[in-house]
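J.: here is my input, please return the structure:
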Amino acid sequence: MGEARQVFISVWLVFTVVAMIVANMPDSVLTAQLSRFTQPYLNFTGLTQSWNVFAPPPKISSHVDARVDYSDGTSSVFLVPAGRGLAEYTDYRWSKFEEYLRPDEGSWLWPAYARYVASRARSDGHDPVRVTLIRRWADTNLPGPGPERGPWQESTIYVMPVKGAR
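T.: Residues are numbered from 1 along each chain as shown. Purely as a prediction, here's the structure:
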């Protein structure tokens, strides 16, 4: 009985490994034929995995900066808040917000974000007179040697004079 059990376990392990390899093979006639036998097993055991949830690498890098001009003639730049490391997960809402803010379809968000930036500048003790939202982008290069991205480009997407400036 022990020897039959060992053979069964060995065959089961080999079949499981083969089924997982078939599931990760590129699409082909062979893959389609083998999947007829392996996919039902993977579905039943919960070992099915799909890599299509991962997005392709972005073709451009882009973000939105807010330049704030002050009544004393100086200016500063506010970035959309973004955490690094583990903080990135707690502040993910800001990354998601910037995804909506960046494209022209997000223009309905621009006035509210400009008011928020002006309010932050006031709370830091400044007297803002204008908030300018600037979209910056660069082509993302393929992985490998050389720079990560091409030169940055920019365009002004929204300008808001701040009411009540001194």
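J.: if I pick Trp110, what's in contact with it?
T.: Leu101, Leu133, Ile157, Tyr158, Met160 (C-beta atoms under 8 Å, 6 or more residues apart in numbering). The C-beta positions use only the backbone N, C-alpha and C, and glycine is treated the same way.
J.: in helices, which of those residues appear?
T.: With DSSP state H as the criterion, helices contain Leu101 from among these.
J.: including distance to Leu34, pLDDT and neighbour count, could the contacts of Trp110 go into TSV?
T.: As requested, these are exported to TSV (distance: C-beta to C-beta, whole Å; pLDDT from 0 to 100; neighbours: other C-beta atoms under 10 Å):
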residue	distance to Leu34	pLDDT	neighbour count
Leu101	47	85	23
Leu133	53	96	24
Ile157	51	95	17
Tyr158	55	95	18
Met160	60	95	18
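J.: so which of the contacts of Trp110 comes closest to Leu109?
T.: Nearest to Leu109 among the contacts of Trp110, counting by C-beta to C-beta, is Leu101 at 5.2 Å.
J.: just to revisit the earlier point, among the contacts of Trp110, name the ones in strands.
T.: Using DSSP state E, the subset of these located in strands is Leu133, Ile157, Tyr158, Met160.
J.: please save the CA atoms from the lengthiest helix in the chain in PDB.
T.: Looking across the chain with DSSP H, the single longest helix is helix 2-23. The C-alpha trace of helix 2-23 is given here as PDB (Å, rounded to 0.1, in the frame of the first residue of the first chain):
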ATOM      1  CA  GLY A   2       2.800   2.400   0.800                       C
ATOM      2  CA  GLU A   3       4.500   2.000  -2.600                       C
ATOM      3  CA  ALA A   4       1.200   2.600  -4.500                       C
ATOM      4  CA  ARG A   5       0.700   5.700  -2.400                       C
ATOM      5  CA  GLN A   6       4.100   7.100  -3.300                       C
ATOM      6  CA  VAL A   7       3.500   6.400  -7.000                       C
ATOM      7  CA  PHE A   8       0.200   8.200  -6.800                       C
ATOM      8  CA  ILE A   9       1.700  11.300  -5.000                       C
ATOM      9  CA  SER A  10       4.600  11.400  -7.500                       C
ATOM     10  CA  VAL A  11       2.200  11.300 -10.500                       C
ATOM     11  CA  TRP A  12       0.000  13.900  -8.900                       C
ATOM     12  CA  LEU A  13       2.900  16.200  -8.300                       C
ATOM     13  CA  VAL A  14       4.300  15.800 -11.800                       C
ATOM     14  CA  PHE A  15       0.800  16.400 -13.300                       C
ATOM     15  CA  THR A  16       0.400  19.500 -11.100                       C
ATOM     16  CA  VAL A  17       3.700  20.900 -12.200                       C
ATOM     17  CA  VAL A  18       3.000  20.100 -15.900                       C
ATOM     18  CA  ALA A  19      -0.400  21.800 -15.600                       C
ATOM     19  CA  MET A  20       1.100  24.900 -14.200                       C
ATOM     20  CA  ILE A  21       3.800  25.000 -16.900                       C
ATOM     21  CA  VAL A  22       1.100  24.600 -19.600                       C
ATOM     22  CA  ALA A  23      -0.900  27.400 -18.100                       C
END
